[in-house]
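In: Need a 3D model of the sequence below.
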Amino acid sequence: MNTSFSVFDTLIDRSKMSSDKWSKYPESIIPMWVADMDFDSPACIKEALTQRIDEGVFGYTHTPKALVKAIQSHLVRRYDWAIGAGNVVHLPGLVCALHLSVRAFSNEGDRIVVPGPVYYHLTKAPLLAERKVEHVDMVIQGGRWTPDMAQFETACAKSNSKMILLCNPHNPGGSVYTKAELLAIHTLAEKYDLLVVSDEIHCDLILDDLPHVPFASLSKDAANRTITLMAPSKTFNIAGLGYAFAVIENEALRQTFNQSRMGLVPSPNMLGLTAALAAYEDGQEWHQELLTYLAKNRDFLVDRLAGTPLKMLHLEATYLAWIDASALPIESPNQFFLDAGVGVSDGKDFGNPNYVRLNFGCPKSTLDDAIIRIEKALKNIN
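Out: The predicted model follows:
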């Protein structure tokens, strides 16, 4: 498959696709909020879906063995992480697995340790289940967002702390946890006997030459206390097809997880399974070219913001810029961007209202248009 950058430069009209992203705001607003890219999915996925649809029967479907093998190969190839086929749990999405994990492995009133600001479902999951969120500040160290480890231990040591919800790579900060950082977190998890639920959905979107280390791959003990959540949805832009998976190497945890989902969390969508298989078997070339394009978009955004009051740390992973607008003389950064004609994610939903999250997973021309609007709005601030 030969994919040129023109594929990613192509503007696609999503206004009539029932797109959440493109229907939230009026046509005058460029939507750059939810983690959903504006790129055409790989040809291999579209071809696989077309072939499956042409078969014409859409009955109940089990997970094909080929998908399990493709996931195993993907994890070994990219992360040197070998897992057993029986350790993979197939899911219709990652968010439901976060919520299910909290409810299955903790009780009402228990404490759930969450470093943040962070993707809001990592805090929503405990709160909706009437658990207590033990917040750990993410702080800037060496130009990166990392957890305050003193706070981390204090939170883990509290009575009724049962679980750590980790987001790696971090959303919205964009940090890729180093092995040393993960080992320090594992030390706390082992010392205080905490389960770790590791949301690693952005692990295939690392923009720098950095390794992703799955938390469960750190050691036998880490594997025994970790539920790892992954999906091809962000990487291959197939979130609407509904497929994710968990890796649970501890048999007792896996049985509890599966028992807790019965009757509540359905099996993955047939087309989601089809797309995931195609992505992991044949999408590598497209994936690599996507990463190159996203890194260029990131650098373009950083360069353009450099001369403005808006601040953005170097982003190691994801296509979601975490932008500090605290230097602006405004009440609401989110409203400022909206008034400029750019719809971003409000930082308060992640834990800091002085920030916004901007999705640059789009053609460069769209990003340039958005930046021009932002620059113009900045000049008009009184």
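
In: Domain parsing of the protein, as residue ranges.
Out: Per automatic domain parsing, the domain ranges recorded for the chain read 5-43+284-379, 58-282.

In: same question for stretch 345-363, mean pLDDT?
Out: The predicted model assigns stretch 345-363 a mean pLDDT of 98.

In: Using CSV, write down the CA coordinates of stretch 149-156.
Out: Extracted in CSV, the C-alpha atoms of stretch 149-156 (Å, rounded to 0.1, in the frame of the first residue of the first chain):
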residue,chain,number,x,y,z
MET,A,149,5.4,11.3,43.7
ALA,A,150,5.2,12.5,47.3
GLN,A,151,1.5,13.2,46.8
PHE,A,152,1.2,9.9,45.1
GLU,A,153,2.5,7.9,48.1
THR,A,154,0.3,9.9,50.5
ALA,A,155,-2.7,9.1,48.4
CYS,A,156,-1.8,5.4,48.1
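
In: So which bits of it are buried?
Out: By neighbour count on 16 or more other Cβ atoms under 10 Å, the buried set for stretch 149-156 is 149, 151-153, 155-156. C-beta: built from backbone N, CA, C; applies to glycine.

In: Ok, stretch 315-335 next?
Out: By neighbour count on 16+ other Cβ under 10 Å, the buried set for stretch 315-335 is 315-325, 328, 332-334.

In: quick one: which of the residues you listed is nearest residue 231?
Out: residue 318 (13.7 Å; Cβ to Cβ).

In: I'd assumed residue 169 was in contact with the closest one.
Out: Yes: Residue 318 is within contact range of residue 169, at 6.0 Å (criterion: Cβ atoms under 8 Å).

In: Which strands and helices lie in contact with the helix or strand where residue 125 lies?
Out: Using DSSP states H and E, residue 125 falls within helix 121-128. Judged by 3 or more Cβ pairs under 8 Å, 6 or more residues apart in numbering; DSSP states H and E, helix 121-128 is in contact with helix 94-105, strand 111-116, strand 132-141, strand 161-167.

In: helix, strand or coil for residue 358?
Out: State at residue 358, reduced to three classes by DSSP: H, G, I helix; E, B strand; the rest coil: strand.

In: Distance of the residue nearest to it when sequence neighbours are not counted relative to residue 160?
Out: Closest residue to residue 358 apart from its sequence neighbours, by Cβ to Cβ, 6 or more residues apart in numbering: residue 321 at 4.5 Å. Noted for residue 321: a distance of 36 Å to residue 160, by Cβ to Cβ, to the nearest Å.

In: Over to residue 46?
Out: The gap separating residue 46 from residue 160 is 49 Å, by Cβ to Cβ.

In: re earlier: the residue nearest to residue 358 belongs to a helix?
Out: No: counting by three-state DSSP, residue 321 falls outside a helix, being strand.

In: Look up how far residue 372 lies from the residue nearest to residue 36 when sequence neighbours are not counted.
Out: Nearest residue to residue 36, sequence neighbours excluded (Cβ to Cβ, 6+ apart): residue 21, at 4.8 Å. With the distance defined as Cβ to Cβ, residue 21 ends up 20 Å from residue 372.

In: between these two, which one's more packed in?
Out: residue 21 (19 against 14; other Cβ atoms under 10 Å).

In: what are the ranges of the strands in this structure?
Out: Ranges of strands in the chain, per DSSP state E, are 30-31, 88-91, 111-116, 132-141, 144-147, 161-167, 195-199, 226-230, 244-248, 311-312, 320-324, 342-343, 345-346, 355-359.

In: Output the contacting helices and strands for the second one.
Out: The reference is to strand 88-91. helix 65-79, strand 244-248, helix 251-261.

In: mind listing what's buried in the helix holding residue 125?
Out: 121-126.

In: now stretch 256-267
Out: Quick answer for stretch 256-267 (16+ other Cβ under 10 Å): 257, 261, 265.

In: what's the second one in contact with, if anything?
Out: With Cβ atoms under 8 Å, 6 or more residues apart in numbering as the criterion, the residues that contact residue 261 are residue 100.

In: and if we set it to 10 Å?
Out: 89, 91-92, 96-97, 100, 103-104, 246, 267 (Cβ atoms under 10 Å, 6 or more residues apart in numbering).

In: ok, those vs residue 240, which is closest?
Out: Of the contacts of residue 261, the one sitting nearest to residue 240 (Cβ to Cβ) turns out to be residue 92, at 11.6 Å.

In: Please give me every residue in contact with the closest one.
Out: Taking Cβ under 10 Å, 6+ apart, we find residue 92 in contact with 241-244, 261, 265-269, 272.

In: just for this protein, where's the confidence low?
Out: Applying pLDDT under 70 to the chain flags the ranges 1-6, 382.

In: Of all the helix elements in it, which one is longest?
Out: helix 284-305 (DSSP state H).

In: packing partners for that helix?
Out: If contacts are counted by 3 or more Cβ pairs under 10 Å, 6 or more residues apart in numbering; DSSP states H and E, helix 284-305 sits against helix 5-9, helix 43-55, helix 65-79, helix 233-236, helix 270-282, strand 311-312, strand 320-324, helix 364-379.

In: With distance to residue 338 added, can I get these in TSV?
Out: Listed next are the helices and strands packed on helix 284-305 as TSV, based on distance: least, Cβ to Cβ, whole Å:
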stretch	distance to residue 338
helix 5-9	26
helix 43-55	33
helix 65-79	37
helix 233-236	24
helix 270-282	33
strand 311-312	19
strand 320-324	14
helix 364-379	10
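
In: Out of those, which is closest to residue 347?
Out: Taking Cβ to Cβ, strand 320-324 is the member of the helices and strands packed on helix 284-305 nearest to residue 347, at 7.9 Å.

In: How far off centre is the closest one?
Out: 14 Å (Cα atoms, centre = their mean, to the nearest Å).

In: picking that back up, just name the most buried of the helices and strands packed on strand 88-91.
Out: When those are scored by mean count of other Cβ atoms under 10 Å, the highest mean neighbour count falls to strand 244-248 (a mean of 24).
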